[in-house]
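Q: Sequence and predicted model, in that order:
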Amino acid sequence: MEMPTPDAGIMARKGRVVERLQAVLPKDAVIHDERQTRAYECDALTAYKCPPMAAVLPASTREVADVLRICHEEGVPVVPRGSGTSLAGGALPTADSVILGIARMNDVLETDYENRTIRVQSGRTNLSVTGAVEENGFFYAPDPSSQLACAIAGNIAMNSGGAHCLKYGVTTNNLMGVTMVMMDGEIIEIGGAYMDAGGLDLLGLICGSEGQLGVVTEATLRILPKPEGARPVLMGFDDNEVAGACVSDIIKAGVLPVAIEFMDRPCIEATEAFAKAGYPMCEALLIVEVEGSEAEIDHQLSLIMKIARRHNPVELRESKSAEESAAIWLGRKSAFGAMGQINDYMCLDGTIPVSSLPMVLRRIGEMSEQFGLKVGNVFHAGDGNMHPLILFDANKPGDLELCEEFGAEILKLCVEAGGCLTGEHGVGIEKRDLMGYQYAPQDLEAQMAVKDVFDPGWLLNPAKVFPLSASESRRRLPMAAE
Ligand SMILES: Cc1cc2nc3c(=O)[nH]c(=O)nc-3n(C[C@H](O)[C@H](O)[C@H](O)COP(=O)(O)OP(=O)(O)OC[C@H]3O[C@@H](n4cnc5c(N)ncnc54)[C@H](O)[C@@H]3O)c2cc1C
């Protein structure tokens, strides 16, 4: 994966830049020692590493504004960082950049149960937003599997989703407003604690903008009353394609489960060895969960089970208790960790129309043979968001490159099937060079023109999202300070 050559002129100014940052932040909030900046050398796409020139940990919107103003004046690229769980390399630094981490900004600022909103600092972790309101019977719906660690800022930047987003939507459907600092240090408010703002939908633009347009410091989020109850059912099939067809039929029938999750045999075997959730050994598993009153749950599940029976499941296990529900979810929630125990893996994130699931799964199986690399499939099947996990050996020369080539072929297949390159993990560096496969040059130009408006000097996370060749002339704009 190519990254731009670091700017030697910027690196030569490191001393002055650090001094200026130290003048506006507490001493322990500016990290510049080379041993310590290593802590920020990668995110969860660990195949790529590069320590930043420095890292800063501001504790308020004002401090973020001061940092950005200084970096803007000094012409230093800034990579915003939440918790560093991006699987797309979104928070990967360059050697001439400053990492701006918002982990110290994690307070709840306001909770309004009557109007069902919460305002938080953006470094607050996803799960702790629900943690702040659950005693009062509320929850925050988007639930990435990384929710214990990932921050609301990263969720907004990547427009993150999760298992329960089939019913509740992804981050953009649950975000009402943000405070954002522009690259020159100006602080702006977009949206707020109301239904929809007038004018252009700037909030829609910010959500999913991958740290390219500004640094989000606060967010107003929609919270929802907890459902009366929820019940999952575990379905086992002796064929991937049959499981895929079952998903397609459930969606076609117009029932709306809160989640439909899919795991194939390699994932089932890995998670059983790791988490011992009691899954049956079969080719494919579905976890289908519905919510509501007991009567609603019974009604929805009876329809879903009827559809499943038409596909001759080898297992159909409806949860009868909270313990059984937890056991059904245990394996799914441990799947990434379990695959990581076997070997290094690259987690992909393409989307496809639900009806193409059987065809796409078959093709991935064929490609796995061709490339000689094993793949485990675990994903949010209800909304067609696939997460093939390709196993490779980072210590074996050439394996990473082979894995990347295989991954690119899978993502191209998603686009050919009528889907897109990313469902929830974002583009980052991982899919940057494939953007030209999905978008025509004029489409990319239109997207880059949006960045031009927010960040004319292309200093915010500049080497991400757009193919380097497409963004090159913009990234080389001369900066004021030399
Ligand atoms: C085991 C595992 C499971 C996962 N499961 C899911 C899942 O189910 N669904 C899902 O959607 N994702 C999932 N992810 C991916 C990841 O957790 C999400 O992309 C998450 O939203 C990243 O949040 P973060 O705080 O870690 O952001 P980071 O990794 O720190 O950064 C991600 C991006 O956000 C930008 N950014 C960070 N802070 C700011 C800010 N203040 N302002 C502007 N931009 C900012 C960064 O520059 C970067 O581009 C998973 C990751 C792992 C490791």
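A: The structure has been received and is ready for your questions.
Q: What distance do you get for the residue of the stretch 301-450 of the chain found nearest the ligand to Ser145?
A: As assessed by C-beta to the nearest ligand atom, the ligand sits closest to Glu424 within the stretch 301-450 of the chain, at 3.2 Å. Yep, even glycine has a C-beta here, placed from its N, CA and C like the rest. For Glu424, the distance to Ser145 equals 10 Å [C-beta to C-beta, to the nearest Å].
Q: and Ser293, what does it touch?
A: Ser293 makes contact with 228-229, according to C-beta atoms under 8 Å, 6 or more residues apart in numbering.
Q: where's the residue nearest the centre of the chain relative to Glu41, distance?
A: Among the residues of the chain, the one closest to the centroid is His425, at 3.3 Å (C-alpha atoms, centre = their mean). Distance from His425 to Glu41, counting by C-beta to C-beta: 20 Å.
Q: Val465 now?
A: Val465 is 20 Å from Glu41, by C-beta to C-beta.
Q: quick revisit: could you find the closest non-adjacent residue to the residue nearest to the centre of the chain?
A: Closest residue to His425 apart from its sequence neighbours, by C-beta to C-beta, 6 or more residues apart in numbering: Asp349 at 3.9 Å.
Q: if we can go back for a sec, give me the common contacts of Glu424 and Ser145.
A: Common neighbours of Glu424 and Ser145 (criterion: C-beta under 8 Å, 6+ apart): Gly162.
Q: more crowded one of the two?
A: Comparing Glu424 with Ser145 by other C-beta atoms under 10 Å, the one with more neighbours is Glu424, at 24 against 19.
Q: and that one, backbone torsions?
A: Backbone geometry at Glu424, expressed as degrees, to the nearest 10, gives phi -150, psi -20.
Q: show me the contacts for it.
A: By C-beta under 8 Å, 6+ apart, the contact list for Glu424 reads 144, 158-162, 165, 170, 349, 385.
Q: at 6 Å what do you get?
A: Residues counted as contacts of Glu424 (C-beta atoms under 6 Å, 6 or more residues apart in numbering) are 160-161.
Q: For it, give its distance to Ala12.
A: 39 Å.
Q: Over to Glu369?
A: Distance, Glu369 to Ala12, by C-beta to C-beta: 51 Å.
Q: neighbour count winner among these two?
A: Remark: of Glu369 and Ala12, Ala12 carries more neighbours, 11 against 8, as counted by other C-beta under 10 Å.
Q: Tell me how far that one lies from the ligand.
A: Separation of Ala12 from the ligand (C-beta to the nearest ligand atom, to the nearest Å) stands at 25 Å.
Q: What residues sit buried inside the strand or helix carrying Ile99?
A: Using DSSP states H and E, the element containing Ile99 is strand 98-101. For strand 98-101, a neighbour-count test (16 or more other C-beta atoms under 10 Å) marks 98-101 as buried.
Q: Mind putting these into a markdown table with pLDDT?
A: What follows is the buried residues of strand 98-101, written out as a markdown table (pLDDT from 0 to 100):
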| residue | pLDDT |
| --- | --- |
| Val98 | 98 |
| Ile99 | 98 |
| Leu100 | 98 |
| Gly101 | 98 |
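Q: okay, now Lys49: neighbour count?
A: Lys49 has 13 neighbouring residues, counting by other C-beta under 10 Å.
Q: my guess is it contacts Ala39, does it?
A: No - with contact defined as C-beta atoms under 6 Å, Lys49 does not reach Ala39; the gap is 11.3 Å.
Q: dump the residue contacts of Ile304.
A: For Ile304, the contact set (C-beta under 6 Å, 6+ apart) comprises 250, 255, 288.
Q: right, and out of those residues, which lies closest to the ligand?
A: Ranked by distance to the ligand (C-beta to the nearest ligand atom), the contacts of Ile304 are led by Val288 at 17.2 Å.
Q: Which strand residues bridge that closest one?
A: Val233, Ile260 (DSSP bridges).
Q: What about it, how many residues nearby?
A: Around Val288 there are 30 other residues, counting by other C-beta under 10 Å.
Q: just the one 10 residues further on next, same as before
A: Summarising burial for Asp298: neighbours were counted as other C-beta under 10 Å, giving 13.
Q: Would you confirm that it belongs to a helix?
A: Yes - the assignment for Asp298 is a helix, going by DSSP: H, G, I helix; E, B strand; the rest coil.
Q: so who does it touch?
A: Taking C-beta under 6 Å, 6+ apart as the definition, Asp298 has no contacts.
Q: now with 10 Å?
A: Shown in contact with Asp298 (C-beta atoms under 10 Å, 6 or more residues apart in numbering): 231, 290, 292, 318.
Q: Surely the third one touches Lys226?
A: No - Gly292 lies out of contact with Lys226 (C-beta atoms under 10 Å); the separation is 11.7 Å.
Q: So the residue nearest to His425 versus Leu413, what's the distance?
A: 13 Å.
Q: With Val314 instead?
A: For Val314, the distance to Leu413 (C-beta to C-beta) stands at 28 Å.
Q: Specify the helix with the largest residue count in this structure.
A: Longest helix in the chain by number of residues (criterion: DSSP state H): helix 322-342.
Q: to the chain's geometric centre, what's the distance from it?
A: Here helix 322-342 shows a centroid-to-chain-centroid distance of 19 Å under the convention C-alpha atoms, centre = their mean, to the nearest Å.
Q: number of nearby residues for the closest residue to the ligand within the stretch 151-300 of the chain?
A: Using C-beta to the nearest ligand atom, the closest approach of the stretch 151-300 of the chain to the ligand is made by Gly154 at 2.0 Å. For Gly154, the neighbour count with other C-beta under 10 Å is 32.
Q: Three-state assignment for it, please.
A: With three-state DSSP as the basis, Gly154 sits in helix.
Q: give me the number of residues near the spatially closest residue to it that is not a sequence neighbour?
A: The shortest distance from Gly154 to any non-neighbouring residue, by C-beta to C-beta, 6+ apart, is to Gly82 (3.3 Å). Gly82 has 30 neighbours, counted by other C-beta under 10 Å.
Q: Repeat that for Gly123.
A: Gly123 has 25 neighbours, counted by other C-beta under 10 Å.
Q: close enough to count as contact, it and Val108?
A: No - if you go by C-beta under 10 Å, Gly123 and Val108 don't touch, sitting 11.6 Å apart.
Q: Tell me who's in contact with whatever residue of the stretch 1-150 of the chain ends up closest to the ligand.
A: Closest residue of the stretch 1-150 of the chain to the ligand, C-beta to the nearest ligand atom: Gly82 (2.3 Å). Gly82 is in contact with 43, 90-91, 101-103, 105, 122-126, 149-158, 211, 216, counting by C-beta under 10 Å, 6+ apart.
Q: Please repeat the previous calculation with a cut-off of 6 Å.
A: By C-beta under 6 Å, 6+ apart, the residues touching Gly82 are 151, 153-154.
Q: before we move on, what about Glu261?
A: Neighbours of Glu261 in contact, by C-beta under 6 Å, 6+ apart: 163, 287, 332.
Q: 10 Å instead, please
A: 163-164, 166, 232, 234, 247, 285-289, 328-329, 331-333, 335, 378-382.
Q: what does Asn343 give?
A: Going by C-beta under 10 Å, 6+ apart, Asn343 touches 270, 373-374, 389-394, 396, 399.
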